[in-house]
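[1] return a 3D structure for these sequence lines:
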Amino acid sequence: MARKSRRANIVQEKKEELHISTSIITRRQLATAAYARLSVDKEKNDESIQNQIELLHQYIREHEEYSLVDTYVDDGYTGTDFDRPEFIRLMDDVRTGKIQCIIVKDLSRFGRNFIETGYYIETIFPCLNVRLISINDDFDSSREEDRNSMVVPIKNMINEMYAKDASKKRVLSFEMHSRRGDMKIAKSIYGYTVDKEENQLKVNAETAPIVQAIFRWYQMGRGTGDIVKRLKMLDIMTPFAYKATHEIEVEIPETDRWTGDRVKTILLNKAYIGSTVYGKRKTAKYRNMPEHHTDPSEWIIHENTHEPIVAEPDFEEVQERWKKRSDFMKESVERGRSRWAGVEDSFPQKVKCMECGTTMTYMRYTNFGQSQGIRKGFYYCKEYDGKPGYCRQKAHEDLLKITVMDQIHNMIKVMCEKKVLLEKM
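    This is a model prediction of the structure:
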């Protein structure tokens, strides 16, 4: 009996060892992502992205059931929305099954939007069978008591209130410094460089003559399209390309080129007569107000803050010419609307040229082959590509509508099939 008992104990011990070994292997196969985020205003002075990453990696090393697949870092992005490049990449990997577990320092790093954060935790992640762990909050979505706890919604609400309070303080501080005129200059303007010691714009000897030439050409009656052609013919770098080459050292996208809007921005900028303008765009998270352009009557203007590039009489002449042109264009648009009533752009600013990536222009036409003429629309690319002529790619609106509707039907069909599959599972 003793021998049999001893043998049984040995077998039992072997089974337990095998069970433990198998469970460890299974747990190690849990593909894990470390997600770190820090907002633009650096929410905590003693916190850094590197500290977050080290904390997450250490936690994963100390728990054998997690296997680190990738680290996702959004540095300089607010938590009040989820439109963050690394978070989007993370969710793409989650949907493809690459990630099964997400670990964050605390829930505020994941998001500060009460509704959306709760939706991810309570709906999206359970549907995708993904586990969310918050280290400092001692939260694990795989535990039922954590999912049903009232503590998490309250923390998410507090996180959102904190973000709104910080936004309010930031907006009020900006308005105060703007009115005093002592706002720190964060970035340069085309034609100027920033003297950080004096906190002042200084004339850039390389780009200032380009600005002056643009103003002279416009005074001579040249339109923005003609000015764009001249700049491309002279191989002048765009404002972004110049900054990327001489200041911030980032890659220049292939689609970067001179456009009429860029020329317009230069022609209407009061900075070129020595004035500093604050408040052209505003945003306020605490009021749920997205970023938007403000009316010129709301701008805060300080004159003679730096050396001008363009003489004030020349600048005023350009503004008067631009106003006349704008008024004429508005009248033309109104006449066109009355004539083309019922023929509206179905995809405003959404159609891109497959050759050069430029947003295509919507044009209307009348098919006189019918008895009374049928008004329709099409898209074409008018981007000048540096060679004789234009890109000239075209796409008919009706063809795009058919293509889009086909894709929508396919997406609905796929979603219905997924729903049936989930119900069967």
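[2] for stretch 235-244, buried residues please.
    236-240, 242-244 (16 or more other CB atoms under 10 Å). (Each C-beta comes from the backbone N, C-alpha and C, glycine too.)
[3] what does the average pLDDT come to for it?
    Across stretch 235-244, the average pLDDT comes to 92.
[4] list the contacts of that stretch.
    Stretch 235-244 is contacted by residues 188, 190, 206-207, 210, 245, 250-252, 256-258, 262 when judged by CB atoms under 8 Å, 6 or more residues apart in numbering.
[5] please repeat the previous calculation with a cut-off of 6 Å.
    Residues from elsewhere that reach stretch 235-244, judged by CB atoms under 6 Å, 6 or more residues apart in numbering: 190, 210, 250, 252, 256, 258.
[6] so what's residue 312 closest to, chain neighbours aside?
    residue 273 (5.0 Å; CB to CB, 6 or more residues apart in numbering).
[7] can you check the pLDDT for the one you found?
    Note on residue 273: pLDDT of 93.
[8] what's around it, how many residues?
    18 (other CB atoms under 10 Å).
[9] which residues are in contact with it?
    Neighbouring residues of residue 273 by CB under 6 Å, 6+ apart: 308, 310, 312, 315.
[10] wait, the second one sits on residue 270?
    This means residue 310. No: counting by CB atoms under 6 Å, residue 270 is not a contact partner of residue 310; they are 9.9 Å apart.
[11] the two: which is more packed in?
    Comparing residue 310 with residue 270 by other CB under 10 Å, the one with more neighbours is residue 310, at 24 against 19.
[12] and the more buried one, how far from residue 246?
    Residue 310 is 22 Å from residue 246, where distance means CB to CB, to the nearest Å.
[13] same deal with residue 80?
    34 Å.
[14] neighbour count: those two, which is higher?
    Neighbours were counted for residue 80 and for residue 246 using other CB under 10 Å; residue 80 has more, 21 against 14.
[15] that one reaches residue 111, doesn't it?
    No: at 7.8 Å, residue 80 and residue 111 do not qualify as touching, with contact defined as CB under 6 Å.
[16] which strands and helices sit next to the helix or strand encompassing residue 261?
    According to DSSP states H and E, residue 261 maps onto helix 260-267. For helix 260-267, the elements it packs on are helix 224-233, judged by 3 or more CB pairs under 6 Å, 6 or more residues apart in numbering; DSSP states H and E.
[17] now do the helix or strand following the helix it packs on and helix 260-267, the angle between them.
    Next helix or strand after helix 224-233 toward the C-terminus (DSSP H and E): helix 239-246. Orientation check (axes from the mean of the first three to the mean of the last three CA atoms, to 10 degrees): helix 239-246 against helix 260-267 gives 80 degrees.
[18] any idea how far helix 239-246 is from the chain center?
    Relative to its chain's centre, helix 239-246 lies at 20 Å (CA atoms, centre = their mean, to the nearest Å).
[19] likewise for stretch 414-425?
    32 Å.
[20] and stretch 345-357, end to end?
    19 Å (CA to CA, to the nearest Å).
[21] contact partners of it?
    With CB under 6 Å, 6+ apart, stretch 345-357 has contacts from 255, 359-360, 362, 379, 381, 383, 391, 393.
[22] the residue nearest to residue 125 when sequence neighbours are not counted: how many residues sit nearby?
    Sequence neighbours aside, residue 132 is the residue nearest to residue 125 in space, at 5.5 Å (criterion: CB to CB, 6+ apart). Number of residues near residue 132 (other CB under 10 Å) recorded here: 22.
[23] and if you look at residue 185?
    17.
[24] what's the answer for residue 349, then?
    9.
[25] over to it. Which of the three states is it?
    Under DSSP: H, G, I helix; E, B strand; the rest coil, the three-state class of residue 349 is coil.
[26] now do it against residue 156, distance only.
    For residue 349 relative to residue 156 (CB to CB), the value is 34 Å.
[27] state the distance from residue 55 to residue 136.
    9 Å.
[28] could you do residue 351 as well?
    For residue 351, the distance to residue 136 - CB to CB - is 46 Å.
[29] more neighbours: which of those two?
    More neighbours surround residue 351 than the other of residue 351 and residue 136, with 20 against 12 (other CB under 10 Å).
[30] thinking again about what came up before, may I see the contacts of stretch 235-244 organised as CSV, with pLDDT and distance to residue 172 added?
    Formatted as CSV, the contacts of stretch 235-244 follow (pLDDT from 0 to 100; distance: CB to CB, whole Å):
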residue, pLDDT, distance to residue 172
190, 94, 30
210, 95, 38
250, 81, 32
252, 87, 37
256, 90, 36
258, 93, 38
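[31] ranking those residues by neighbours, who comes first?
    residue 190 (22 neighbours).
[32] surely it is within a strand?
    No: counting by three-state DSSP, residue 190 falls outside a strand, being coil.
[33] got a list of what it touches?
    207, 239.
[34] could you do residue 399 as well?
    Per CB under 6 Å, 6+ apart, neighbours of residue 399: none.
[35] what about it, which SS state?
    Residue 399 ends up helix, using three-state DSSP.
[36] how close does it get to residue 355?
    17 Å.
[37] show me where the stretch 151-300 of the chain has its strands.
    192-195, 200-203, 276-278, 281-284, 289-293, 300-302 (DSSP state E, counting those that start in this stretch).
[38] returning to that earlier point: got the contact list for the helix holding residue 261?
    Under CB under 6 Å, 6+ apart, the answer for helix 260-267 is 214, 218, 224-225, 227, 318.
[39] return it as PDB; C-alpha atoms alone will do.
    Output of helix 260-267 as PDB, limited to C-alpha atoms (Å, rounded to 0.1, in the frame of the first residue of the first chain):
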ATOM      1  CA  GLY A 260      -3.300  79.100 -54.000                       C
ATOM      2  CA  ASP A 261      -4.300  78.800 -50.300                       C
ATOM      3  CA  ARG A 262      -0.700  79.100 -49.300                       C
ATOM      4  CA  VAL A 263      -0.200  82.200 -51.300                       C
ATOM      5  CA  LYS A 264      -3.500  83.600 -49.900                       C
ATOM      6  CA  THR A 265      -2.200  82.900 -46.300                       C
ATOM      7  CA  ILE A 266       0.900  85.000 -47.000                       C
ATOM      8  CA  LEU A 267      -1.000  87.900 -48.700                       C
END
